[in-house]
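*Asks:* My questions concern the predicted model and sequence given below.
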Amino acid sequence: MTDSIQDLAKALQRFADERDWGRFHTPKNLASALVVEAGELLEHFQWLTDEQSRNLPDKDKAAIATEAADVLIYLIQLCNAMEIDLIAAAQGKIQVNSEKYPVERSKGTSKKYHQL
């Protein structure tokens, strides 16, 4: 079982290589597939109230888990194709967000940084 982003990226690369899918895995195609899968994930929440979205039955959660996995898979493949260190990028983004959204000004509000 894979236990890191790097292990998962290697497993996904092997899977694609075994099927000779590399020629289809261009950054544009992977980004497109990522957006499609994100839309499929969102479909599960369409028309639900906030409360309903927090209290889904197990079968719905399982379907959402499948779509979330598809989103993750395409994101990892996109980053791999573009030689982006996803963990480093996320850590950098957390740092940027912590500067844009200091706790003392952003706690408890959904306002954008320029409205704080």
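*Replies:* Thanks, I have it. Residues are numbered from 1 along each chain as shown.

*Asks:* can you count the residues close to residue 29?
*Replies:* 15 (other C-beta atoms under 10 Å). All C-beta atoms are positioned from the backbone trio N, CA, C, and that covers glycine.

*Asks:* Look up which helix or strand it falls in, please.
*Replies:* Of the helices and strands defined by DSSP states H and E, residue 29 is found in helix 27-43.

*Asks:* Other residues contacting that helix?
*Replies:* Applying C-beta atoms under 8 Å, 6 or more residues apart in numbering, the contact partners of helix 27-43 are 64, 67-68, 70-71, 74-75, 77-78, 81-82.

*Asks:* Can you flag which of those belong to helices?
*Replies:* Using DSSP state H to define helices, the subset of the contacts of helix 27-43 located there is 64, 67-68, 70-71, 74-75, 77-78, 81.

*Asks:* For residue 34, see how far away residue 72 is.
*Replies:* Here residue 72 is placed at a distance of 9 Å from residue 34 (C-beta to C-beta, to the nearest Å).

*Asks:* per-residue confidence at residue 2?
*Replies:* For residue 2, the model assigns a pLDDT of 55.

*Asks:* OK, contacts around the closest residue to residue 80 other than its chain neighbours?
*Replies:* Excluding the flanking residues, the one nearest residue 80 by C-beta to C-beta, 6 or more residues apart in numbering is residue 9, at 5.0 Å. Shown in contact with residue 9 (C-beta under 8 Å, 6+ apart): 76-77, 79-80.

*Asks:* again, but for residue 53
*Replies:* Counting by C-beta under 8 Å, 6+ apart, residue 53 makes contact with residue 45.

*Asks:* Please identify the helix or strand for it.
*Replies:* helix 50-54.

*Asks:* Quick one: mean pLDDT over that helix.
*Replies:* What helix 50-54 shows for mean pLDDT is 98.

*Asks:* In terms of helices and strands, where is the residue lying farthest from the centre of the chain?
*Replies:* Here the chain reaches farthest from its C-alpha mean at residue 104, the gap being 28.3 Å by C-alpha atoms, centre = their mean. Taking DSSP H and E as the definition, one finds residue 104 inside helix 103-106.
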